[in-house]
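J.: Task: produce atomic coordinates for the following.
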Amino acid sequence: MASILTNLFDGVAYGMLLFVLACGLAVTLGLMNFVNLAHGAFAMAGGYICAVLVNNSGWPFFAALPLAFIGSAAIGIALERTLYRHLYSRSHLDQVLFSIGLVFMSVAAVDYIMGSSRVFIKLPAALEGQIDLFGVGIGRYRLMIVVICGLLTLGLQLILAKTRFGSRLRAAVDDPRAASGLGINVPQVFAFTFAFGCGLAGLGGALSAEILGLDPYFPLKFMIYFLIVVTVGGSSSITGPFLASLLLGIADVAGKYYVPKVGPFVIYTVMIVILLWRPNGLFGRTAAR
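T.: Numbering: from 1, shown residues only. Next up, the predicted model:
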């Protein structure tokens with residue numbers, strides 16, 4: 001029973017991490033209707049920013065996390081203002097071709113600058129090891145991930161559903177002309193949303209570096225996981241990707257532990273079953289352009 005609960009907790013932590021990594025894609029794809037396959041490149045940027053600050057410059061881990069968010073968001077808004085904004089009205093195929101090209105450029109650039117070896121981030125002693133809770137071994141770092149990702153999820157849901165900015169974003173996506181006529185600065189709303197999604201990806205990259213490892217091919221290796229989360233959860237809300245992340249995280253950890261020979265295929269099996277049952281995802285709906 002203890003091993004089951006430990007695996008369940010590890011699966012929840014992994015699922016939370018997947019959500020933070022993928023929720024920025026859920027925002028840009030679901031709310032902005034933009035297919036950004038380069039999302040993993042911003043996660044990689046945040047991971048390397050955190051690694052350089054902590055490993056090379058001696059920054060505290062918790063001080064480097066906000067800078068990973070800010071740095072990735074700054075890169076995102078620079079690219080959005082110069083490149084991405086010209087593709088909002090283009091077809092999804094154009095968006096896919098552009099963003100996948102950006103992925104290969106980022107892989108080559110990071111490989112040239114940082115090298116191809118895998119990087120891990122030095123953690124403070126307080127986050128190492130496990131704590132024993134009712135006979136269940138819980139990793140301290142994974143517990144921190146659950147807490148941080150849970151707070152981020154609640155905050156993101158409140159921002160999108162309860163604030164004026166959330167209503168402006170939905171209006172700008174549904175009818176940009178009408179939103180502009182009502183005085184909403186649509187380009188500014190899109191730029192801020194895109195930058196926020198990139199910042200979340202960067203934060204997820206920094207948090208995931210210790211568990212997933214970090215190398216120049218990070219955007220390519222985990223692109224499929226981001227897409228699976230958004231596809232299974234549905235891209236029309238944040239709730240869907242969040243529940244999909246938990247489900248897929250638990251299934252992936254359990255599969256690799258109990259059936260290691262076929263463990264890597266469990267997450268794809270879950271995706272196929274859910275999409276056969278609900279083709280638009282758990283909380284999906286047909287989106288209109």
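J.: so who does residue 248 touch?
T.: Residues near residue 248 by C-beta atoms under 8 Å, 6 or more residues apart in numbering: 15, 18, 225, 228, 229, 232, 267, 270, 271. Every residue, glycine included, has its C-beta placed from N, CA and C.
J.: Swap in 6 Å and give it another go.
T.: residue 267 (C-beta atoms under 6 Å, 6 or more residues apart in numbering).
J.: What residues sit buried inside the helix or strand harbouring it?
T.: Element membership for residue 248 (DSSP states H and E) is helix 239-258. Of the residues in helix 239-258, 239-256 count as buried by neighbour count, 16 or more other C-beta atoms under 10 Å.
J.: same question, stretch 110-128
T.: Judged by neighbour count (16+ other C-beta under 10 Å), stretch 110-128 contains these buried residues: 110, 114, 119, 121, 127.
J.: Give me the distance between the two termini of that stretch.
T.: Terminal residues of stretch 110-128 lie 28 Å apart, using C-alpha to C-alpha, to the nearest Å.
J.: tell me the mean pLDDT over that stretch?
T.: Averaged over stretch 110-128, pLDDT sits at 89.
J.: thinking again about what came up before, secondary structure added to the buried residues of stretch 110-128, as CSV?
T.: Shown next, in CSV, are the buried residues of stretch 110-128 (DSSP: H, G, I helix; E, B strand; the rest coil):
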residue, secondary structure
110, helix
114, helix
119, strand
121, coil
127, helix
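J.: Now tabulate those in CSV and tack on distance to residue 45.
T.: Listed next are the buried residues of stretch 110-128 as CSV, based on distance: C-beta to C-beta, whole Å:
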residue, distance to residue 45
110, 8
114, 11
119, 13
121, 14
127, 23
